[in-house]
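J.: what follows is a protein structure lacking sequence information:
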């Protein structure tokens, strides 16, 4: 049997973390989460996930700061990042994509099921 894919979720909305985690775990993913950017970076460095789901507005380090740290690290910069946030200005989208994000989803535009489809798309 193949090894479970690891996903780190950096999100301070605990209800969303719980919903996403349960749904992804039931599909066989190994989930780790952090509610602030600093803890999230440590978790990413420790777990070396196959995907990071990242909010922009986070305590202690913003999603932008997390992306800057990831993109500056030779090994961690290879991990795909899906941004899931309520910010939707083209400036925010462009900045995250320039920093290396592979996908940018605005929370209010996607249902949980649609987010799950996007996540699974990274592993096809």
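T.: Cool, the structure landed. All figures in this text were calculated on a predicted structure; none of them were measured in a lab.
J.: alpha carbons only for contacts and neighbour counts from here, please
T.: OK.
J.: how far does stretch 105-119 stretch from one end to the other?
T.: 11 Å (C-alpha to C-alpha, to the nearest Å).
J.: hey, which helix is longest across the protein?
T.: Longest helix of the chain, by residue count under DSSP state H: helix 14-26.
J.: tell me which helix or strand comes right after that helix.
T.: Beyond helix 14-26 on the C-terminal side, the first helix or strand identified by DSSP states H and E is strand 30-34.
J.: quick one: mean pLDDT for the helix or strand following that next one?
T.: Downstream of strand 30-34, the first helix or strand assigned by DSSP H and E is helix 37-47. For helix 37-47, mean pLDDT is 97.
J.: residues in contact with the next helix-or-strand element following helix 37-47?
T.: Counting by DSSP H and E, the element after helix 37-47 in chain order, helix or strand, is strand 51-54. Contacts to strand 51-54, defined as C-alpha atoms under 8 Å, 6 or more residues apart in numbering, come from residues 6-11, 44, 63, 79-85, 122.
J.: same question for stretch 17-30.
T.: So stretch 17-30 is contacted by 4-7, 9, 11, 31, 33, 112, 116 (C-alpha under 8 Å, 6+ apart).
J.: just the buried ones from those residues?
T.: 6-7, 9, 11, 31, 33 (16 or more other C-alpha atoms under 10 Å).
J.: farthest pair within those residues?
T.: 6 and 11 (16.0 Å; C-alpha to C-alpha).
J.: list the contacts of the closest residue to residue 56 other than its chain neighbours.
T.: Nearest residue to residue 56 in three dimensions, chain neighbours excluded: residue 63, at 3.8 Å (C-alpha to C-alpha, 6 or more residues apart in numbering). With contact set as C-alpha under 8 Å, 6+ apart, residue 63 has these partners: 37, 54-57.
J.: next one: residue 56
T.: 62-64, 83-85, 87.
J.: next: residue 5.
T.: 28-30, 49-50.
J.: just residue 42 next, same as before
T.: Applying C-alpha under 8 Å, 6+ apart, no residues contact residue 42.
J.: what about it, distance to residue 85?
T.: For residue 42, the distance to residue 85 - C-alpha to C-alpha - is 21 Å.
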